[in-house]
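Enquirer: my questions concern the predicted model and sequence given below.
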Amino acid sequence: MDETKIYFDYAATTPTDQRVIQSMLPYFYENFGNPSSIHLYGQKAENAIDESREKIANLLNCSPEEIIFTSCGSESDNLAIRGVAFAERKSRQANHILISSVEHHAVSQTSLQLAKEFGFELEFIPVDHYGMIDPDNVKKLIRRDTALVSVIFANNEIGTINPISEIGKICKQYGVPFHTDAVQAAAHLQIDVNSLNVDLLSIGAHKFYGPKGVGLLYRRKGIKMLPTQTGGSQEFGYRAGTHNVPYIVGMATAYAYAQDRPDNRNSRLSTFRDQLISGILEEIDGSELTGHPALRLPNHASFVFKGVDGNKLLMLLDMEGFACSSGSACKTGDPHPSDVLLAIGFSPEGALGSLRVTLGAYTEKNHIEQFLKILPDQIKKVRQMYG
């Protein structure tokens, strides 16, 4: 990493761990075979896929055949939402989709397309001012004809962690498949799909120091799902396409490291996070923390500043050597207010003044101190420009 710059956007992506890179290298040149080939080269590649699948399955507490490798978390979300919705409509005429109002666009836009183009009935579960789902609201809205419920595990924009296990119990009572987007959560929280009561769970490797371009979908055995990418028998027929062997190996390696004593890393990150949050709220008038004050990701601090254009602030911070975000990496640079911030009660104008600061493996105490020194002046500059 560039030591002259300070990276505060770990929720967008993380640098690939050197140990992960080393695990991937043999599969670019030495063991380069196609896993679908029957000769020795193919067998070595297939063994690498099988070993990676088994390693991840052990960590998630599921069976290897319940792991479907994809290209990223967004594809995993798409496959879960679209694949299950169509399968449930076909098998039991279920036409109702229930998602939270603070989902990543990979879930919300897919669900909106299903409603607009394919006639599904889409309903949104409300959230409180912290962006958290009340399981009682799920109980009120779920129906026997609900095809799928999807609730984000940990929000990418505001960091709030939802009560996934409780929601899963409700879905199980109604016999409705339950999906969670765990792309942000997987980097910091230990995930046991059985204790979480989830039927489908999405993960992307680049959020936990793995390579970009690879992810997975956990699909509980027995959950009906139509493939959305056809043409081959890979991934048990649910996701056709030649396996990206090096990246799958890299994801398995990275996830094993992510799940190895995460409490030690989380304690360090939450200390920095809390220092950052208290410093900003104390020093900057018109600042408000977004997301839950306690039930949030250990590395995640997010704010709204009154009278501030978030994108102008990002540009000034970048010139000062700090890489931050205004929310979702998919939204940065977009002049429209965040759907998540609107859902938790901010006005369209207020929602434009957002800042997300996310910490990671290379964050140091002095980085927090430096940031707290320069941020108030940058806020003043933007307010002068904005005013």
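Expert: Cool, got the structure.
Enquirer: tell me where the stretch 101-250 of the chain has strands.
Expert: 121-125, 146-150, 178-181, 200-204, 215-219 (DSSP state E, counting those that start in this stretch).
Enquirer: got the ones you listed as CSV, with mean pLDDT, distance to residue 325 and mean neighbour count columns?
Expert: (Glycine included, C-beta is placed from N, CA and C.) Converted to CSV, these look like this (pLDDT from 0 to 100; distance: least, CB to CB, whole Å; neighbours: other CB atoms under 10 Å):
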stretch, mean pLDDT, distance to residue 325, mean neighbour count
strand 121-125, 98, 24, 17
strand 146-150, 98, 23, 27
strand 178-181, 98, 18, 29
strand 200-204, 98, 16, 29
strand 215-219, 98, 20, 28
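Enquirer: now distance to residue 287 too, for those, in TSV please.
Expert: Listed next are these as TSV, based on distance: least, CB to CB, whole Å:
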stretch	distance to residue 287
strand 121-125	28
strand 146-150	32
strand 178-181	28
strand 200-204	30
strand 215-219	34
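Enquirer: give the next helix or strand downstream of the helix or strand bottoming out on mean pLDDT in the chain.
Expert: Ranked by mean pLDDT, DSSP states H and E, the weakest helix or strand in the chain is helix 348-351, scoring a mean of 92. The element immediately downstream of helix 348-351 (helix or strand, assigned by DSSP states H and E) is strand 354-358.
Enquirer: now do the buried residues in the helix or strand just after that following strand.
Expert: Per DSSP H and E, the first helix or strand lying C-terminal to strand 354-358 is helix 365-386. By 16 or more other CB atoms under 10 Å, the buried positions in helix 365-386 come out as 367-368, 371-372, 375, 378-379, 382-383.
Enquirer: can you check stretch 139-148 too?
Expert: 142, 146-148.
Enquirer: related to what we said a few turns ago, in the least confident helix or strand of the chain, what's buried?
Expert: 350-351.
Enquirer: list phi and psi for the nearest residue to residue 370 once chain neighbours are set aside.
Expert: Excluding its sequence neighbours, the residue lying closest to residue 370 (CB to CB, 6 or more residues apart in numbering) is residue 6, at 6.9 Å. When quoted as degrees, to the nearest 10, the phi and psi of residue 6 stand at phi -120, psi 120.
Enquirer: beta partners of residue 6?
Expert: Beta-bridge partners recorded for residue 6 (DSSP bridges): residue 322.
Enquirer: got the contact list for it?
Expert: Residue 6 is in contact with 321-323, 367, 370-371, counting by CB atoms under 8 Å, 6 or more residues apart in numbering.
Enquirer: hmm, 6 Å instead?
Expert: Contact analysis of residue 6 by CB atoms under 6 Å, 6 or more residues apart in numbering lists 321-322, 367.
Enquirer: export those residues as a markdown table, with columns for pLDDT and distance to residue 285.
Expert: Putting the contacts of residue 6 into a markdown table (pLDDT from 0 to 100; distance: CB to CB, whole Å) gives the following:
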| residue | pLDDT | distance to residue 285 |
| --- | --- | --- |
| 321 | 97 | 25 |
| 322 | 98 | 21 |
| 367 | 97 | 24 |
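Enquirer: tell me the one of those nearest residue 188?
Expert: Nearest to residue 188 out of these is residue 367 (CB to CB; 18.6 Å).
Enquirer: roughly how far apart are that closest one and residue 316?
Expert: Separation of residue 367 from residue 316 (CB to CB, to the nearest Å) stands at 17 Å.
Enquirer: next: residue 86.
Expert: 47 Å.
Enquirer: and if you look at residue 281?
Expert: 20 Å.
Enquirer: which one of the two is surrounded by more residues?
Expert: residue 316 (17 against 13; other CB atoms under 10 Å).
Enquirer: who's in contact with that one?
Expert: residue 378.
Enquirer: chain center to the one helix or strand it maps to: distance?
Expert: According to DSSP H and E, residue 316 maps onto helix 310-319. Distance of helix 310-319 from its chain centroid, counting by CA atoms, centre = their mean, to the nearest Å, is 24 Å.
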